[in-house]
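> Structural data only, the sequence is not supplied:
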């Protein structure tokens with residue numbers, strides 16, 4: 001029996017096979033109904049670019065398409081995403097030229113070689129007073145920065161884009 005999942009917009013249950021198609025329709029209706037609310041809450045979020053790129057990637061190869069999907073989903077939801085990527089991601093990504101194009105069109109901060117990209121994410125979130133979009137739990141930093149757990153937003157990637165989950 002297929003596992004049933006709730007739509008984040010209407011809270012109805014769907015099988016995994018039909019969820020993506022429903023979310024696409026429901027998101028369009030949700031955005032139409034809440035377009036003014038989305039524009040009024042325009043705020044920054046710091047996005048764990050490595051976490052997004054590696055999410056559900058085949059053979060463990062990071063995908064630049066995940067970053068582009070996440071960017072468009074967050075912008076359409078009224079957020080101003082700031083992506084943080086590690087220096088190593090640039091060498092491991094499936095399409096380096098597309099990543100270069102993405103880095104020029106979106107606000108992307110590249111962590112310096114030898115620098116911990118998670119620390120860079122935490123520092124930017126602190127500076128901007130922003131939420132962090134990641135499925136990482138930041139266990140190495142939670143003792144030093146206890147506010148992380150309150151600002152961490154988990155997500156789910158679908159073929160139609162990124163869906164932020166409620167905490």
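Arrived safely, thanks for sending. If you're wondering where the values come from, they're calculated on a predicted model, not measured in any experiment.
> can we go C-alpha only for contacts and neighbour counts from here?
Noted.
> Toward the C-terminus from the worst-scoring helix or strand of the chain on mean pLDDT, list the very next helix or strand.
When each helix and strand of the chain is scored by mean pLDDT, DSSP states H and E, helix 35-40 comes last, with a mean of 40. Following helix 35-40 in sequence order, the next helix or strand is strand 43-48 (DSSP states H and E).
> now the strands: where do they sit in this protein?
4-6, 13-15, 43-48, 79-85, 108-110, 131-133, 152-153, 155-158, 161-164 (DSSP state E).
> Next, format these as a markdown table and append mean neighbour count and mean pLDDT.
A markdown table is the format used below for the strands of the chain (neighbours: other Cα atoms under 10 Å; pLDDT from 0 to 100):
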| stretch | mean neighbour count | mean pLDDT |
| --- | --- | --- |
| strand 4-6 | 14 | 72 |
| strand 13-15 | 15 | 78 |
| strand 43-48 | 23 | 95 |
| strand 79-85 | 22 | 96 |
| strand 108-110 | 18 | 92 |
| strand 131-133 | 25 | 96 |
| strand 152-153 | 21 | 95 |
| strand 155-158 | 16 | 92 |
| strand 161-164 | 20 | 92 |
